[in-house]
Each structure stands twice: as C-alpha cells, then as structure tokens.
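Engineer: Provided below are the primary sequence and the corresponding predicted coordinates.
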Amino acid sequence: MAEKSFRDLKTWDKKKVSLGTFRGIQTKKIGKVGAGNATCDFEAALISLAGKVGLLLHDLDFEKFAKNRYALSAHLVEIFRALIEAANIADVNLAEAAISNLEKTNSRWPKHKRYAPLFDENYPREEQFPRRMAFHLIEDPKSKKVIMKLNGVKIGNPLTDNRMVDDDYRFHDVFHLASMAILGWSPTIRALLKVKRKTNPKVDDAEDGFRAILIEGISTLIFQRAARLDYFESIDSLDYPLLKLIPGFVHGYEVEKCPLWQWEKAILDGFAIFRKLRLHRRGIVIVDLKKRSISFKELP
C-alpha cells in the first residue's frame, strides 16, 4: 500500500521494491505535493486526511469491503498519500513518530509486563523500604482526623481533608503506599520512615528531597480527576490523556523508568483501597514490595 502511494495508472503494476520503513516512504514525493506546492496549508492537508479516513469508515459501516478487498486497499492508499502530505507540510518525521508511538504502546500494553527494578535494591538495608509492612489507618470519630501507624508508632501527622467540602482526602496516604508498593517509589513515605539514601548525597538530595516530594503531589491531580468518576469504582483502565500527564510530570526523576501500565496499576490499586477506607473508616493496608501488591484488611 505504501508503494502504491507513489504510483499512477501507468506505473501501477510496476515490479515491487520494498520500502522497509516509514523513513523510506517520506524520502519520496507525490507529484506536486512534495515538490513545488509549498503554499499548501497544513490545515487543508489535515482536513483532507480526516476526510479520507471518514470515507473509509463510512464504507466500513455499510460493509462495502466484505466482498471487495481492493476497495479497502484503495482507501488505505489514499490515506497513506494524505498522511505523507500532511507530515511533509508539518515537518513531522513519520519514522520518529512511528517509533515514539511504538514506545508509548509498549509502555501501556506490553506483551510481557516487567516491573522496573526497585530503586533502593543496591543500597544498605537501613536505606531500603522494608519489603513488607502493615500500616494501620484509623479515623478518629471525634476530630475526624486520620492517623497512620506502623508497628504501633505514629507515622506523619494526623490528616484532615483540608477542604471546605469533605471528600475523604484525609485517607490520601494510601496513594503514597500504593506508589511505594507498585512503583517502588515514594519520597514522602521514604522521608516518614527515615530510610533516605544518605550514603549517596546526590540521590539523597535529588531523589529523596523536598522537590521529589512535591513531584509526588501528582497524586492530588489524579485525585481530582477520580473524584469526578466515583473514585474509579467501575473503571479498570485509565484514559490515556490522564496517563500521558505522568511522564512529563516526573521527567528527570528515577521513577520515569516505570512504564505506564505500572503507573496505571498503582493508581487503580490505590483507589481500590481508598474506597474501602471510605467505607470502613479504618483498616490495615498491607504493602508487599516483593510481590508489588497492596491489600486491605478490616480493622475492628
């Protein structure tokens, strides 16, 4: 189909020469489009591309391809031509775009899911997250503040919603716990547990410091989105516009090594526990970094 994009009726049946990649496609020009039509407007090219895709969908809807594969091929050749035209005008490298798209797809839906290594696995044990922990999160019925404990010791400060209208954000530590469990990353919990990686001053400052803690504040942004969607109660897959915010937000930090599917799991698993805490108002949150899991147990 790519080869046909550069043919006319006279050369339609010319012996095939493999183009190989998108790079090979874009080095060729289609008549006036690639040569002298520099005044061609990008918006017009984009509308043309969208129109040709629309025609294909129209014919698909009316089952016009069921017994005519050549009709489908003809549509796709036209779409190829329009795509190359729009890319040339916009100065978009189709080869680079294709590679980027494959990377994004593999980050979200890999054939084999492999967790990024734990970021502290090569550090002394006293600078590592304990690999299995049971946190008690309890709401005080009088003050409505949530207290988090580990081994009977209070961790951090009692939390409220910090909002005029209650939304149970007071239980938001569970998102830090989910991030620690699934991603192996939480500057907030690392500071609270006093397991900062001080043997490497640069890592201690950059990855475990205050700015990294602010970066983890992306959980607040996600919470705002989740609050409008019943805290993801009936959702088992996050929309890509939300997920694609994450790489830009964490760029330059170690956690950028975690693929999008891993982030999605951390978010959805965290909200699953959050919803149980909202219901019971207290509970035990079990974090297992070896299994990359977070679970909930009722607390009388």
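Structural biologist: Thanks, I have the structure now. Numbers count the residues shown, from 1 in each chain.

Engineer: any idea which helix or strand in this structure has the lowest mean pLDDT?
Structural biologist: helix 31-34 (a mean of 46; mean pLDDT, DSSP states H and E).

Engineer: after that helix, next one along is what?
Structural biologist: Reading on from helix 31-34 to the C-terminus, the next helix or strand found by DSSP states H and E is helix 42-61.

Engineer: list the contacts of that following helix.
Structural biologist: 65, 71-72, 75-76, 78-79, 82-83, 85-86, 89-90 (Cβ atoms under 8 Å, 6 or more residues apart in numbering). The way it works is simple: take the backbone N, C-alpha and C, and place the C-beta from them, glycine included.

Engineer: let's see 7 Å
Structural biologist: By Cβ atoms under 7 Å, 6 or more residues apart in numbering, the surrounding residues in contact with helix 42-61 are F65, A71, H75, E78, I79, A82, L83, E85, A86, I89, A90.

Engineer: do the same with stretch 190-198
Structural biologist: With contacts defined as Cβ under 7 Å, 6+ apart, stretch 190-198 is touched by D120, Y123, E126, E127, Q128, F129, I155, G156, V203, D204, D208, I213.

Engineer: report the contact partners of the closest residue in space to K154 that isn't next to it in sequence.
Structural biologist: Closest residue to K154 apart from its sequence neighbours, by Cβ to Cβ, 6 or more residues apart in numbering: I147 at 6.2 Å. By Cβ under 7 Å, 6+ apart, I147 lies in contact with I138, D140, K154, P158.

Engineer: pull up the gap between the last one and W12, please.
Structural biologist: Put plainly, it is P158. 75 Å (Cβ to Cβ, to the nearest Å).

Engineer: repeat that for F296.
Structural biologist: 64 Å.

Engineer: go on, S73?
Structural biologist: Distance of S73 to W12, given as Cβ to Cβ: 12 Å.

Engineer: more crowded one of the two?
Structural biologist: S73 (13 against 8; other Cβ atoms under 10 Å).

Engineer: next one: that one, what pLDDT does it get?
Structural biologist: Per-residue confidence (pLDDT) for S73: 92.

Engineer: give me the nearest residue to it, chain neighbours excluded.
Structural biologist: Of all residues beyond its chain neighbours, the one nearest S73 is M1 (6.3 Å), with distances taken as Cβ to Cβ, 6+ apart.

Engineer: list the buried residues in stretch 158-169.
Structural biologist: By neighbour count on 16 or more other Cβ atoms under 10 Å, the buried set for stretch 158-169 is L159, D161, D168, Y169.

Engineer: my error: substitute stretch 13-26 in the last question.
Structural biologist: In stretch 13-26, counting by 16+ other Cβ under 10 Å, buried: L19, F22, I25, Q26.

Engineer: check contacts around I182.
Structural biologist: By Cβ under 7 Å, 6+ apart, the neighbours of I182 are Q262, K265, A266, D269, R292, I294.

Engineer: centre of the chain versus stretch 224-244, how much separation?
Structural biologist: 12 Å (Cα atoms, centre = their mean, to the nearest Å).

Engineer: and the contacts of it?
Structural biologist: Under Cβ under 7 Å, 6+ apart, the answer for stretch 224-244 is D167, L260, W263, E264, I267, L268, F271, F274, R275.

Engineer: could you measure from the first one over to R81?
Structural biologist: D167 sits 52 Å away from R81, taking Cβ to Cβ as the criterion.
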